[in-house]
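Asker: Provide a 3D model corresponding to the input given below.
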Amino acid sequence: MEFFNSKESAEVVGPYSHCVKAGNTYYVCGQVPFHPVSGEVVGVSIEEQTRQTLNNLKSVLDAAGLDFSHIAKTTVFLATMNDFAGFNEVYAEFMGDHRPARLCLGAGEIVHGCLLEMDAIAYKE
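Answerer: Numbering: from 1, shown residues only. Below you'll find the predicted structure:
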């Protein structure tokens, strides 16, 4: 296995890595809307927080030599499903024509009052 951490994403604060490669599959840990330098939550709206979360995900993918086109599946936890439309709009901007499988569910409370958390599974030959 290989382990990747991005200096452009929020610092890892526990015994885990931003991304783990096992074979040709990459497992990206849950990303939240933390600013990569201050560690503070970025934004108050679901759109702002989704944008920061996806920017953090992009930086982890970059560190592993990947991009959004390598994502096979995402799992998204929203604090409330009332934010689904706003989340989905920003998510679509980042994914473009790429359409990975996705699980999206209302999770209630998320770390530090964030409105969402998202992980990803990617694949590269």
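Asker: all helices for this structure, in order.
Answerer: All helices of the chain, identified by DSSP state H, fall at 46-63, 84-95.
Asker: where are the low-confidence patches of this structure?
Answerer: Within the chain, no stretch has pLDDT under 70.
Asker: that older thread, just name the most buried of the helices of the chain.
Answerer: helix 46-63 (a mean of 21; mean count of other Cβ atoms under 10 Å). From N, CA and C alone the C-beta is placed, and that goes for glycine too.
Asker: Now do it against helix 84-95, angle only.
Answerer: In terms of direction (axes from the mean of the first three to the mean of the last three Cα atoms, to 10 degrees), helix 46-63 departs from helix 84-95 by 30 degrees.
Asker: Would you pull up how far helix 46-63 lies from the middle of the chain?
Answerer: 6 Å (Cα atoms, centre = their mean, to the nearest Å).
Asker: Also stretch 68-85?
Answerer: 8 Å.
Asker: Residue numbering should commence at 5 henceforth.
Answerer: Shifting the count to begin at 5 puts that one at stretch 72-89.
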